[in-house]
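Chemist: Need the 3D shape of this:
(chains A and B)
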Amino acid sequence: MIEIKDLAFSYKEKEVLKNISFAADAGDILAILGKNAVGKTTLINVLTGLLEAQAGNIFICGEDTTKKLTETIKSKIGVMRPIVGVFEKMTCLQYLEFVAGLYGISRAKILELSEKYQFSSELTRMIKKCSTGTRKKVEFCAAIIHDPLVLFLDEPFESVDPVVVSEIKEYIRNFSKNGRTILITSHILDIVQNICTKYIIIDNGTVVHSGEIANSTPSANDVTELERILLETVNGNEKEPSIT
Amino acid sequence: MKKNQALLKHSLFYTIGQYIAEKSISALVFMIVFEAALWAMLSFFINDQISNSMFMRCSAFVIPICFKCFFAIIEKYGELSIGFNLKDYFPIKNKDIIKLRLYSKILNPSEYFFWAAICFFSFKLFELRIAFIVLFLATLVYYFVFELLAFISYQFEKFESPVKEIMALLISCILFTVMPAILNYFNIPQKYYTCVYNVIIAIALVLIFRVLFVLLFGKKRDKKILHRKTKIRHISNSIPSARWMLVKKDLLYFTKDKKSVLLFPVIYLVIFYFIGGFELISSILPIYFPLEFAIAYGFNYFGHDNETLTTILLSPLSKKEIIQEKNGLYATLSLGFSIICFGISIALKILALSDTIYYFSFVLISLSIMLPLCSKFSIKYYHRANGKSRYTIRFMFISIGLLSILSLLNSILVALEFNQSVLLLVSILLATIAIYRNCFSVDHLINKLHKNERNILNKLLQ
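Modeler: Numbering: from 1, shown residues only, chains lettered A, B, ... in the order given. Alright, predicted model coming up:
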């Protein structure tokens, strides 16, 4: 579903991403991991067409999207993005109605999602005045409202209450079971370990490690396997990490 | 919901809904009615000036269109591609964006108010029935150019290069060159469209300056600048002779971060010179500059822009005082600039090049009165207790009042036929008082600020 080859991106002089290559097939839930400011969000922005890659190739649903995302591809992907600008002044309902309207989706779907993710009482509230958690829920619903084939989620579990975290996890699992692909960036490693099937670790702008995730329980010192790998990789541990 | 409906709803929200949502009805009134009224007033002033002096009447109503065009290009340049960026986020096509922008134009009463006012003035005051045809064509060209610029701007936005400015320049020139040909086709006498060439020159100049501006300075808002600002602000709050540090800070702000404030007067001078020679500079600037100052400084720099200047290290309580200090300094700098202009005008008079003393005296007097008042009223009525800037009804009335004072002043000066040396004396006197007042208020505020900080520190130590 997604294939990235030798992707590179720079903000003027600063090289943020270099030689990024990975692939995610149908049904994969791929976690993009790494320290702060290593380029995880930039990678999502490049993949979703907000930024243009300077080198490499991006293929989404078999189409080359490196230079441009066509309308067809845009309607096949869902991106969870922060709500900014004039949209912040809208109520949750107005914003979701606008997004739904662009895909020709009815209001009933919005009400259904708001019930499921527990923000129906906040629907008439201005987004700017909503809590971070509610904003996250609205952003998530805007990304999934049109039932996309590929979903990009940037920090979806940040500031969200445990009940909704569980709902989102449930959604993600069902989503992948239907043969769809998800890319997630997150720092909450136990959730990632719990739901993702693959991971890549980015450091200094390149993929320094990648692998598959098998669900595992935390070790005696309460450190998950994924956490151990991440720490070893980004701290420059010589030992080749692996998940069993 | 259908896509079209969603776009229409979004346009409505963008034009009106967002103000209602924020419960800032006065801002809505301001944006819709008052802004348009200001534009019309500006046009009226210019019309009046031009028709009373050496210009043909036909120029009188084309010039405001020219103003509207390059003001729009300059001021709305940053917002040009509004709507187009939706393409990056949602599966919408160019034609949807054009629809969205068209809906916004149709739904925005400000547009109607402006053009209605222009029509009214050109018809009622100058009895130019033909004005409607020219006006209509100019409106179409204006919107066409603006939309094209928006589209081009969006295409080149990601590159951050002057290419978009160059493209915009070429397209505006082509379009405005075509316009006289269209007018010719309708057998409209040449005298009615000679000014169109002025529009071409004006727009070309504005864009050339923009290109130069981008090429020379570019966008350099990085962390280093923020750090520098923070450092200077920190010093300005801790050293007793902070006034000079504030001057330094503001000079740095002007020269490094806000070059446009210094550049635009130069740009306007050149544009006016190209349009109508020195005669036009001397007759329009006295009207244009005080209005520009009243609108831009009084309405924007004293309010909106304070976010970029407000100190990071200061407590919210001190914010108001710092803004006032800043305004005082701006007023001083502006007056300084006017005095330089005044000096130039005297030099020109000595060289028998132009009779500009009256006009520059008027600028000086207007600024001496307007700036301190603008500063005072903007603090009092523009800023709410919660620190947020917004237009209030009272602030709007005060602003209208200030503009009325300005026009009244102009009329009085004309009616009294002041002797030039008396005028010179009065204006210098007023400017000196204004500068002294500003400096004094800066000193006073800094002392107050330090006293407050000392009190807070003492309380903490206890």
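Chemist: where does chain A dip in pLDDT?
Modeler: When residues are selected by pLDDT under 70, those of chain A lie in A:12, A:215-224, A:234-244.
Chemist: and the gap between the residue nearest to the spatial centre of it and A:Ile172?
Modeler: Residue closest to the average C-alpha location in chain A (C-alpha atoms, centre = their mean): A:Leu153, at 1.9 Å. Separation of A:Leu153 from A:Ile172 (C-beta to C-beta, to the nearest Å): 8 Å. Bear in mind the C-beta positions are built from the backbone N, C-alpha and C, glycine included.
Chemist: got any residues that touch both of those two?
Modeler: A:182, A:184 (C-beta atoms under 8 Å, 6 or more residues apart in numbering or on different chains).
Chemist: didn't the residue nearest to the centre of chain A look like it was pressed against A:Phe175?
Modeler: No. The pair formed by A:Leu153 and A:Phe175 falls short of the contact definition of C-beta atoms under 8 Å, at 10.2 Å.
Chemist: Wait, a helix at the residue nearest to the centre of chain A?
Modeler: No. Per DSSP: H, G, I helix; E, B strand; the rest coil, A:Leu153 lies outside any helix segment and is strand.
Chemist: pretty sure A:Glu227 is in a strand, no?
Modeler: No. The assignment for A:Glu227 (three-state DSSP) gives helix, which keeps it out of a strand.
Chemist: What residues does chain A have near chain B?
Modeler: Contact residues, chain A versus chain B (C-beta under 8 Å from any C-beta of the partner chain): A:49-52, A:71-72, A:74-75, A:79, A:81, A:86, A:89-91, A:94, A:97-107, A:126.
Chemist: who touches the residue nearest to the centre of chain A in this structure?
Modeler: Residues in contact with A:Leu153 (C-beta under 8 Å, 6+ apart) are A:80, A:140, A:143, A:172, A:182-186.
Chemist: Next step: those residues restricted to strands.
Modeler: Mapping the contacts of A:Leu153 onto strands (DSSP state E) picks out A:80, A:182-185.
Chemist: Dump the residues you listed into a markdown table; add neighbour count as well.
Modeler: Output for those, formatted as a markdown table (neighbours: other C-beta atoms under 10 Å in any protein chain shown):
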| residue | neighbour count |
| --- | --- |
| A:Met80 | 23 |
| A:Ile182 | 27 |
| A:Leu183 | 28 |
| A:Ile184 | 26 |
| A:Thr185 | 22 |
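Chemist: excluding its backbone neighbours, what's nearest the residue of chain A found nearest chain B?
Modeler: Among the residues of chain A, A:Gly101 lies closest to chain B, at 2.5 Å counting by C-beta to the nearest C-beta. Spatial nearest neighbour of A:Gly101, chain neighbours left out: B:Ala6 (2.5 Å); criterion: C-beta to C-beta, 6 or more residues apart in numbering or on different chains.
Chemist: again with B:Lys9
Modeler: In space, B:Lys9 comes closest to A:Phe98 once its chain neighbours are excluded; the distance is 6.7 Å by C-beta to C-beta, 6+ apart.
Chemist: didn't A:Ile110 look like it was pressed against A:Ala100?
Modeler: Yes. With contact defined as C-beta under 8 Å, A:Ile110 counts as touching A:Ala100 (5.8 Å).
Chemist: Tell me where the model's unsure across chain B.
Modeler: Short version for chain B, where the test is pLDDT under 70: B:1, B:24-82, B:114-142, B:145-146, B:149-150, B:152-462.
Chemist: which bits of it sit near chain A?
Modeler: Listed as neighbours of chain A in chain B under the rule C-beta under 8 Å from any C-beta: B:1-3, B:5-7, B:9-10, B:13-14, B:17-18, B:21-22, B:88-93, B:158.
Chemist: May I see the PyMOL selection of the buried members of those?
Modeler: Selection of buried members from those for PyMOL, criterion 16 or more other C-beta atoms under 10 Å in any protein chain shown:
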select buried, chain B and resi 1+3+6+7+9+10+13+14+17+18+21+88+89+90+91+92
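Chemist: ok, back up a step: where's the residue nearest to A:Gly101 relative to B:Ile92, distance?
Modeler: Distance from B:Ala6 to B:Ile92, counting by C-beta to C-beta: 9 Å.
Chemist: and the closest residue to B:Ser104 other than its chain neighbours, what element?
Modeler: Spatially, and ignoring its direct neighbours in sequence, B:Ser104 is nearest to B:Ser11 (4.4 Å; C-beta to C-beta, 6+ apart). Counting by DSSP states H and E, the element that carries B:Ser11 is helix B:3-12.
Chemist: can you map out the helices along chain A?
Modeler: In chain A, the segments counted as helices under DSSP state H are A:40-47, A:71-76, A:92-102, A:107-116, A:132-144, A:162-177, A:189-195, A:225-234.
Chemist: sorry, back to before: quick one, what contacts the residue nearest to B:Lys9?
Modeler: By C-beta under 8 Å, 6+ apart, the contact list for A:Phe98 reads A:87, A:90, B:6, B:9-10.
Chemist: cutoff 7 Å now
Modeler: Applying C-beta atoms under 7 Å, 6 or more residues apart in numbering or on different chains to A:Phe98 gives the contacts B:6, B:9-10.
Chemist: and A:Lys5, how far is that from A:Phe59?
Modeler: Counting by C-beta to C-beta, the gap from A:Lys5 to A:Phe59 is 8 Å.
Chemist: Over to A:Lys177?
Modeler: With C-beta to C-beta as the criterion, A:Lys177 and A:Phe59 are 23 Å apart.
Chemist: Between those two, point out the one with more neighbours.
Modeler: A:Phe59 (15 against 9; other C-beta atoms under 10 Å in any protein chain shown).
Chemist: Skipping its backbone neighbours, what lies nearest that one in space?
Modeler: Nearest residue to A:Phe59 in three dimensions, chain neighbours excluded: A:Glu3, at 4.2 Å (C-beta to C-beta, 6+ apart).
Chemist: Bridging across strands, which residues link to that neighbour?
Modeler: Note on A:Glu3: beta-bridge partners A:Ala23, A:Phe59, judged by DSSP bridges.
Chemist: Look at B:Asp96 and tell me its secondary structure.
Modeler: Classified using three-state DSSP, B:Asp96 is helix.
Chemist: wait, isn't it in contact with B:Leu7?
Modeler: Yes. Assessed by C-beta atoms under 7 Å, B:Asp96 is found in contact with B:Leu7 at 6.0 Å.
Chemist: Share the number of residues neighbouring the closest residue to A:Ile144 other than its chain neighbours, please.
Modeler: Among residues not flanking A:Ile144 along the chain, A:Gly78 sits closest, at 5.4 Å (C-beta to C-beta, 6+ apart). Burial of A:Gly78 is recorded as 23 neighbouring residues (other C-beta under 10 Å).
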